[in-house]
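In: Structure for this input, please:
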Amino acid sequence: MLKIAMLSTGEEVLHGDIVDSNAAWLSRRFFENGYSLTKRSTVGDEMSALVEELMMLSFNSDVVIVNGGLGPTSDDLSAQAVAEAAETELVLFPEWLEKLERFFAARGVPMPESNRKQAMLPKGAMLLDNPIGTACGFKVSFNNCDFYFTPGVPSEFKLMVDQQILPDMKRVHTEVVGQECSKLYTFGTSESALSDKLDKVQLPPGYMLGYRSYLPYIEVKLFGPKNDLDNRVKLLQIIFNLIESNVVSIDEPMQDHVAYLIQEKKFSISTAEQSTFGALSQWLQANPHAAQFCGHGWVLGERVAVGEGNDDPLAAAFALAAATRDKCSTEIAIVTGKVSDKTFSVALAAPEGEWGQTLTLNRTYSREEQTLVITTLAADMLRRYLSAKPMFVSYSSLTREKEMFVPRSVLEA
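Out: Take a look at the predicted model:
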């Protein structure tokens, strides 16, 4: 297995002044091209720490991508650090110095003397062109490890990776068999519950399961070799069958999947919200394909009385759903009732009738988290309706107090 590491440099990255978006981007881009990172590390602008980390990475990696530290200032130390680690010297690369001089001449200004530093690279390095900046990248090898040094500016970094580093790696490492990742997005369950169901699946060699948990979803990730479609589809079907009740989408975010269903069915939708504060309407309209079928969206204050003083929150949600569908003249209306002591109701009115449920949150959420959970649950009701799935299922983080379906024939009687 090819061991690939990334080293991010700079005090601003180490201390959290900026988010290391380059590292996340590189991980995704490399995985898409069949190369999985095995390690990521961060070091500040301190020479001994940089040299030590470069030495350690050279002994434990086959390829290292170093990001940052190629600028003209005194805290840009990457070239000097790798020269020390590789026991070589910095030498002037005339071709890059000439390019720097042309860069500044084209802008009508003399080149600052400090930029000359950017043409001082380890002896024997291979230049990596930077067509949009002054920091050239370069490749050096020592201890049987290839190091690619890249600028920290995201646009320059990404261009260098796509145009030069990935092609060079594919030329050198022709034996690499890439991996693909399929994702099943789940809602309303837990990692332990998913693990209990999926641990029994016997995966063939080269395949593994992973999990990623973030409110309101848990992703179940199936990793496996590229170009093995038949096995992948079979395994996905097995996994899906075991956790189907909580799967909200496969290989695409839930919002995109629901938008596809809305576009396919072409049902107009209106909303009325007391516990989601407009988040449900925004969730539905975030995708332009779904937005064209969204009608009115009402946001009601928590003090607004619904259902003519009815103390039953589910009856109030039903009344609001019916009124919203009628007044907005849409095929579907979705309602999120207000929260009282962690209990709320959600209702959906459609041509066939009305579905509603009252649930209680099993844990304490912040207002933002609570809104996200209720929004996703309401969207899940819509997804289930549009895809003809059972409307009421168990959610581990919620207790269902009441559920009801009222056929249209009863409503019109």
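In: What average pLDDT does stretch 89-105 get?
Out: Averaged over stretch 89-105, pLDDT sits at 95.
In: buried sites along it?
Out: Buried residues in stretch 89-105, counted by 16 or more other Cβ atoms under 10 Å: L90, F93, W96, L97, K99, L100, F103. Yep, even glycine has a C-beta here, placed from its N, CA and C like the rest.
In: so H257 is in which element?
Out: Assigned by DSSP states H and E, H257 belongs to helix 254-265.
In: Kindly report the same for K170.
Out: Applying DSSP H and E, one finds K170 within helix 166-172.
In: so how far is L70 from the nearest residue to E46 once chain neighbours are set aside?
Out: Nearest non-adjacent residue to E46, counting by Cβ to Cβ, 6 or more residues apart in numbering: L77, 8.0 Å away. Separation of L77 from L70 (Cβ to Cβ, to the nearest Å): 10 Å.
In: what do you get for L300?
Out: Taken as Cβ to Cβ, the span from L300 to L70 is 56 Å.
In: which of these two has more neighbours?
Out: Using other Cβ atoms under 10 Å, the more surrounded residue of L300 and L70 is L70, with 27 against 18.
In: so the more buried one, which of the three states?
Out: Following DSSP: H, G, I helix; E, B strand; the rest coil, the label given to L70 is coil.
In: Quick check on the nearest residue to it once chain neighbours are set aside: phi, psi?
Out: Once flanking residues are discounted, L70 sits nearest to A135: 3.9 Å by Cβ to Cβ, 6+ apart. Note on A135: its backbone torsions stand at phi -90, psi 110 [degrees, to the nearest 10].
In: try T324
Out: phi -70, psi -50.
In: if I pick H257, what's in contact with it?
Out: Counting by Cβ atoms under 8 Å, 6 or more residues apart in numbering, H257 touches V248, S249, I250, R383.
In: now with 6 Å?
Out: Applying Cβ atoms under 6 Å, 6 or more residues apart in numbering, one finds that H257 lies in contact with S249.
In: ok, back up a step: the residue nearest to E46: what's it in contact with?
Out: L77 touches D45, M47, L50, G69, counting by Cβ under 6 Å, 6+ apart.
In: domain parsing for the protein?
Out: Listed by the TED database, the domain ranges of the chain are 4-172, 179-251, 255-412.
In: Check what contacts stretch 25-33 and list those residues.
Out: M6, L37, L166.
In: one more time with 8 Å
Out: By Cβ under 8 Å, 6+ apart, stretch 25-33 touches 4, 6, 36-37, 40, 65, 67, 154, 158, 161-162, 166, 170, 178-179, 181.
In: Between all of the residues you listed, which two are separated the most?
Out: Across the contacts of stretch 25-33, no pair lies farther apart than P154 and Q179, at 25.1 Å, counting by Cβ to Cβ.
In: more neighbours, those two?
Out: Applying other Cβ under 10 Å to P154 and Q179 shows that Q179 carries more neighbours, namely 17 against 12.
In: Tell me the confidence at the more buried one?
Out: pLDDT, read off for Q179, is 81.
In: and the gap between the nearest residue to it once chain neighbours are set aside and Y211?
Out: Once flanking residues are discounted, Q179 sits nearest to F223: 5.4 Å by Cβ to Cβ, 6+ apart. From F223 across to Y211, the span is 12 Å (Cβ to Cβ).
In: Tell me what angle the longest helix along the chain forms with helix 254-265.
Out: Of all segments of type helix in the chain, defined using DSSP state H, the longest is helix 367-386. For helix 367-386 against helix 254-265, the angle between stretch directions is 30 degrees (axes from the mean of the first three to the mean of the last three Cα atoms, to 10 degrees).
In: same for helix 367-386, what does it pack against?
Out: The elements that helix 367-386 packs onto, with contact taken as 3 or more Cβ pairs under 8 Å, 6 or more residues apart in numbering; DSSP states H and E, are strand 179-187, helix 254-265, helix 279-285, strand 332-336, strand 343-350, strand 353-361.
In: average model confidence for it?
Out: 97.
In: shift numbering so it begins at 772
Out: I'll keep to 772 as the first residue from here, and by that count the last item is helix 1138-1157.
In: List the buried residues of it.
Out: Of the residues in helix 1138-1157, those buried (16+ other Cβ under 10 Å) are 1141-1157.
In: Check which element follows the helix or strand hosting A795 along the chain.
Out: In this assignment (DSSP H and E), A795 forms part of helix 792-803. The helix or strand immediately downstream of helix 792-803 is strand 808-814, counting by DSSP H and E.
In: strand partners of that next one, parallel vs antiparallel please.
Out: With DSSP bridges as the test, strand 808-814 is paired with strand 775-780 (parallel).
In: quick check: mean pLDDT across the strand it pairs with?
Out: What strand 775-780 shows for mean pLDDT is 98.
In: Just the strands from the stretch 972-1121 of the chain, written as ranges.
Out: With DSSP state E, counting those that start in this stretch, the ranges of strands along the stretch 972-1121 of the chain come out as 979-985, 988-996, 1018-1021, 1040-1044, 1065-1070, 1103-1107, 1114-1121.
In: just to revisit the earlier point, what is the next helix or strand after the longest helix of the chain packed up against?
Out: Remark: after helix 1138-1157, the chain's next helix or strand is strand 1169-1178, criterion DSSP H and E. When contacts are defined as 3+ Cβ pairs under 8 Å, 6+ apart, strand 1169-1178 packs onto helix 1084-1099, strand 1124-1132.
In: Could you give me the buried positions within the last one?
Out: Neighbour-count burial for strand 1124-1132, with 16+ other Cβ under 10 Å as criterion, is recorded at G1124, E1125, W1126, G1127, Q1128, T1129, L1130, L1132.
In: Which residue is the nearest non-sequential neighbour of the fifth one?
Out: Put plainly, it is Q1128. Leaving out its chain neighbours, the residue that sits closest to Q1128 by Cβ to Cβ, 6+ apart is E1174, at 4.4 Å.
In: Need the pLDDT of the one you found.
Out: pLDDT for E1174: 96.
In: check contacts around it.
Out: Contacts of E1174 by Cβ under 8 Å, 6+ apart are W1126, G1127, Q1128, T1129, F1163.
In: dump the residue contacts of the residue nearest to Q950.
Out: By Cβ under 8 Å, 6+ apart, the residues touching F994 are Q950, E951, C952, Y978, M979, L980, G981.
In: from the residues you listed, which is closest to K968?
Out: L980 (11.0 Å).
In: So what sits opposite that closest one in the bridge?
Out: Residues in beta-bridge contact with L980 (DSSP bridges): L993.
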